[in-house]
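Q: I need the structure of the sequence given here:
(one chain, ligands or ions: 1)
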Amino acid sequence: MGDGLQAGGVALPPDAEAHVELGFGPEHRRAAAELYWDAFGVKLEHILAPRARGINIIERTLAPDRALVALQGDELVGLAGFSLDGRALVEITVRDIIREYGLLSSPRRLAWATLLDRNPRPHELLMDGIVVRADRRGHGIGSQLLDRVFELADEHGKRVVRLDVVDTNPAARRLYERMGFVEMKTEQVPFLRKAMGFAAATSMERTVP
Ligand SMILES: CC(C)(COP(=O)(O)OP(=O)(O)OC[C@H]1O[C@@H](n2cnc3c(N)ncnc32)[C@H](O)[C@@H]1OP(=O)(O)O)[C@@H](O)C(=O)NCCC(=O)NCCS
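A: Here you go, the predicted structure:
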């Protein structure tokens, strides 16, 4: 592929109009898994490494109806995962881990997984990662996805949208603040700096109007 995406043989520029949809088809599973890994691989590595295997297991277990996706032409260029009615975009079970990695390394992997575990409260829509393809960032796609997340929360009678952002991602935090999220609490996790690259995680919320 060249600089732009191909739609009917025509290259789409990075600022081509994107449209947002709920869910994605089997043709987008692989791209969704790769995008997810590329955004969150630093956190996921301890649980799902090596990369190729991690992407495979994510691809197999993704719940397409737990993502809003941004499409330019027919290419998936962004996604926002969320947890609703007890199901999240990426839900890998103990059984999946043991089957994929065997008994020897699974306990260590599962111990890391518990660090990333979060449970939504009944009145909130909990986000499970937002990512825009690197070459498509800075053109409003992330904001578009978040606008649709707010609508979705409203449609499901949720009062709050919640997400977490780490201290090493100030650009994402700026975006969230611009979109109306406010800090609720910050957890210091200095012991994670070496392994996961961040030393604090901030929980942010935005009230659904
Ligand atoms: C955060 C992210 C989803 C934003 O998507 P986006 O399509 O670039 O967002 P928008 O174009 O709507 O907004 C851009 C804003 O995001 C910020 N931003 C974050 N990363 C950026 C990047 N790599 N390029 C351009 N802008 C970026 C900018 O500060 C910009 O703010 P501004 O409009 O006030 O200048 C995207 O940068 C991304 O996928 N990052 C990697 C994954 C990630 O960190 N996800 C968040 C985890 S909490």
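
Q: which SSE is the closest residue to the ligand within the chain in?
A: Of all residues in the chain, Gly142 sits closest to the ligand, at 2.4 Å by CB to the nearest ligand atom. The C-beta positions use only the backbone N, C-alpha and C, and glycine is treated the same way. Gly142 belongs to helix 141-155 when assigned by DSSP states H and E.

Q: Show me what the helix or strand following that helix is packed up against.
A: Toward the C-terminal end, the helix or strand that comes next after helix 141-155 (DSSP H and E) is strand 160-166. Judged by 3 or more CB pairs under 8 Å, 6 or more residues apart in numbering; DSSP states H and E, the packing partners of strand 160-166 are strand 124-132, helix 141-155, helix 170-178, strand 200-207.

Q: Give me whichever of those is most buried.
A: Of all the helices and strands packed on strand 160-166, strand 124-132 has the most neighbours on average by mean count of other CB atoms under 10 Å, namely a mean of 23.

Q: And the ligand, is it touching that?
A: Yes: residues of strand 124-132 contacting the ligand under CB under 6 Å from any ligand atom: 130-132.

Q: Surely Pro14 is in a strand?
A: No: using DSSP: H, G, I helix; E, B strand; the rest coil, the assignment for Pro14 is coil, not a strand.

Q: Contacts only, for the residue nearest to Asp154 when sequence neighbours are not counted.
A: In this structure, Asp154 finds its nearest non-sequential neighbour in Val208, 5.1 Å apart by CB to CB, 6 or more residues apart in numbering. Val208 makes contact with 125, 150, 153-154, 158-161 under the criterion CB atoms under 8 Å, 6 or more residues apart in numbering.
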